[in-house]
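Chemist: Mind folding the following:
(2 chains)
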Amino acid sequence: DAGVIQSPRHEVTEMGQEVTLRCKPISGHNSLFWYRQTMMRGLELLIYFNNNVPIDDSGMPEDRFSAKMPNASFSTLKIQPSEPRDSAVYFCASSLGGQAYGYTFGSGTRLTVV
Amino acid sequence: DQQVKQNSPSLSVQEGRISILNCDYTNSMFDYFLWYKKYPAEGPTFLISISSIKDKNEDGRFTVFLNKSAKHLSLHIVPSQPGDSAVYFCAAGGGNAGNMLTFGGGTRLMVKP
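Modeler: As a prediction, the model looks like this:
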């Protein structure tokens, strides 16, 4: 299995532009998570899907952020409009669920908003 | 309110010595705990876990200790190697958190040759 695949690896965009981050989870995993890593906050959970349904989006910073999971093999995180404070590394992770497994993370997307 | 805290942002250790990374949590409902290791430009990878019914779990050079009364866990690496240099995140889950893991802020470990 290729693992969790995120694209793009790097994204540089101008303030005000729309940004879309993509994630393909591991086949068969039924949970998908979007995390953001910053120096100040470490790894913070943005949103969590279970069986393609959003379960908890309380970590989404504001209405500029939205996430979708149209099917079991694809998810997007969209920021519109983007702001410089959104600059961070965004990770997607998937899990089979249950206590023993933990998460498998993708390699992340480094977003820079100038 | 951070439910999982790693109070040391960085730690420097000599090769061959013991590395001890600490983590504190506040939610007594958490019933399993994990450590992840992260190299630059890569996603975190699972390292070791422990269930709340245990107080110790060992895997090669890595041992995790859990003190439930103190709501504290630690990761011991013995002996430390330069390849262990990375950021280590502790995470907690279970109870009313369901499938969600809550991560600490990370500790950057530097093992000097």
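Chemist: Can you list the low-confidence ranges for the chain?
Modeler: Here I'm looking at chain A. Where chain A drops to pLDDT under 70, the residues are A:1, A:98-101.
Chemist: not what I meant, chain B
Modeler: Where chain B drops to pLDDT under 70, the residues are B:1, B:97-98.
Chemist: what residues are up against B:P79?
Modeler: B:E15, B:G16, B:R17, B:I18, B:R61 (C-beta atoms under 8 Å, 6 or more residues apart in numbering or on different chains). (Each C-beta comes from the backbone N, C-alpha and C, glycine too.)
Chemist: meant to ask about A:R22, not that
Modeler: With contact set as C-beta under 8 Å, 6+ apart, A:R22 has these partners: A:Q6, A:S7, A:P8, A:F74, A:S75, A:T76.
Chemist: how about A:Q37, secondary structure?
Modeler: Counting by DSSP: H, G, I helix; E, B strand; the rest coil, the backbone at A:Q37 sits in strand.
Chemist: Against B:V87, how distant is it?
Modeler: Counting by C-beta to C-beta, to the nearest Å, the gap from A:Q37 to B:V87 is 9 Å.
Chemist: neighbours around residue 61, how many?
Modeler: I'll assume chain A. Neighbourhood size, A:P61 [other C-beta atoms under 10 Å in any protein chain shown]: 13.
Chemist: um, chain B though
Modeler: 14.
Chemist: Then B:E58?
Modeler: B:E58: 12 neighbours (other C-beta under 10 Å).
Chemist: how near is it to B:I77?
Modeler: Distance from B:E58 to B:I77, by C-beta to C-beta: 11 Å.
Chemist: now the strands for the chain?
Modeler: By default, I'm working from chain A. Secondary structure of chain A (DSSP state E): strands at A:5-7, A:10-13, A:19-24, A:31-38, A:42-50, A:53-56, A:65-71, A:74-79, A:88-95, A:104-105, A:109-113.
Chemist: My question was about chain B, not that one.
Modeler: Applying DSSP E to chain B gives strands spanning B:4-5, B:10-14, B:19-25, B:32-38, B:45-51, B:56-59, B:62-67, B:72-77, B:86-93, B:101-103, B:107-112.
Chemist: Redo these as CSV? Include distance to chain A.
Modeler: Formatted as CSV, these follow (distance: least, C-beta to the nearest C-beta, whole Å):
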stretch, distance to chain A
strand B:4-5, 9
strand B:10-14, 12
strand B:19-25, 12
strand B:32-38, 5
strand B:45-51, 5
strand B:56-59, 12
strand B:62-67, 13
strand B:72-77, 14
strand B:86-93, 6
strand B:101-103, 4
strand B:107-112, 10
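Chemist: any chance of the ones you listed in a markdown table, with distance to A:T104 too?
Modeler: What follows is the strands of chain B, written out as a markdown table (distance: least, C-beta to C-beta, whole Å):
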| stretch | distance to A:T104 |
| --- | --- |
| strand B:4-5 | 20 |
| strand B:10-14 | 26 |
| strand B:19-25 | 21 |
| strand B:32-38 | 10 |
| strand B:45-51 | 8 |
| strand B:56-59 | 18 |
| strand B:62-67 | 19 |
| strand B:72-77 | 20 |
| strand B:86-93 | 13 |
| strand B:101-103 | 12 |
| strand B:107-112 | 22 |
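Chemist: can I assume B:A41 is in contact with A:S107?
Modeler: Yes. Counting by C-beta atoms under 8 Å, B:A41 does reach A:S107; the two are 7.2 Å apart.
Chemist: so who does B:I20 touch?
Modeler: Listed by C-beta under 8 Å, 6+ apart, the contact partners of B:I20 are B:L11, B:S74, B:L75, B:H76, B:I77.
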